[in-house]
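Q: A structural model of the following input is requested.
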Amino acid sequence: MNDEKKKALLALKTARGQIEAAIKMIEEGRYCVDVSNQIIATQSLLKKANLLILKQHMYHCVKEAFEHNKGDEKIDEIIDILSKLTEK
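A: Numbering: from 1, shown residues only. Predicted coordinates:
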């Protein structure tokens, strides 16, 4: 497992803990703004993990695809992912 994947895994595990904390906060009837801040922090970690995975994909899979004249497929994948990230 390379460095990007290790960092992404750590971010995802941390996000999992934050999700569990947000659930507990709701169950305990905690202040809504505090719960919202917890959810925002979790979303930030998920975005970070996704960026790290995409970075790894670009530097390894996409680079290798271009070396074997198969880059167009990988570009289409990235465009698809970017369109999902920019949807509202």
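Q: drop to CA atoms for contacts and neighbour counts, all remaining ones
A: OK.
Q: got the residue ranges for the helices in the chain?
A: Shown for the chain, the helices assigned by DSSP state H span residues 3-27, 32-56, 63-67, 71-86.
Q: got the angle for the second one vs helix 3-27?
A: The one in question is helix 32-56. Per axes from the mean of the first three to the mean of the last three CA atoms, to 10 degrees, the angle that helix 32-56 makes with helix 3-27 is 160 degrees.
Q: where in the protein is pLDDT low?
A: Scanning the chain for pLDDT under 70 picks out 88.
Q: gap between the residue positioned nearest the centre of the chain and residue 70?
A: Nearest to the geometric centre of the chain sits residue 50, at 2.3 Å (CA atoms, centre = their mean). Noted for residue 50: a distance of 23 Å to residue 70, by CA to CA, to the nearest Å.
Q: what's the answer for residue 4, then?
A: In this view, residue 4 and residue 70 are 23 Å apart by CA to CA.
Q: more neighbours: those two, which one.
A: Remark: of residue 4 and residue 70, residue 4 carries more neighbours, 17 against 13, as counted by other CA atoms under 10 Å.
Q: next, count neighbours for residue 8.
A: 21.
Q: thought it was touching residue 53?
A: Yes: Residue 8 is in contact with residue 53 according to CA atoms under 8 Å; the separation is 6.5 Å.
Q: how about the CA coordinates for stretch 60-68, as PDB?
A: The C-alpha trace of stretch 60-68 is given here as PDB (Å, rounded to 0.1, in the frame of the first residue of the first chain):
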ATOM      1  CA  HIS A  60      -0.100   5.500 -11.000                       C
ATOM      2  CA  CYS A  61      -3.000   4.100 -13.000                       C
ATOM      3  CA  VAL A  62      -3.400   7.100 -15.400                       C
ATOM      4  CA  LYS A  63       0.300   7.500 -15.900                       C
ATOM      5  CA  GLU A  64       0.600   3.800 -16.700                       C
ATOM      6  CA  ALA A  65      -2.300   3.900 -19.100                       C
ATOM      7  CA  PHE A  66      -0.700   6.700 -21.100                       C
ATOM      8  CA  GLU A  67       2.500   4.700 -21.300                       C
ATOM      9  CA  HIS A  68       0.500   1.900 -22.900                       C
END
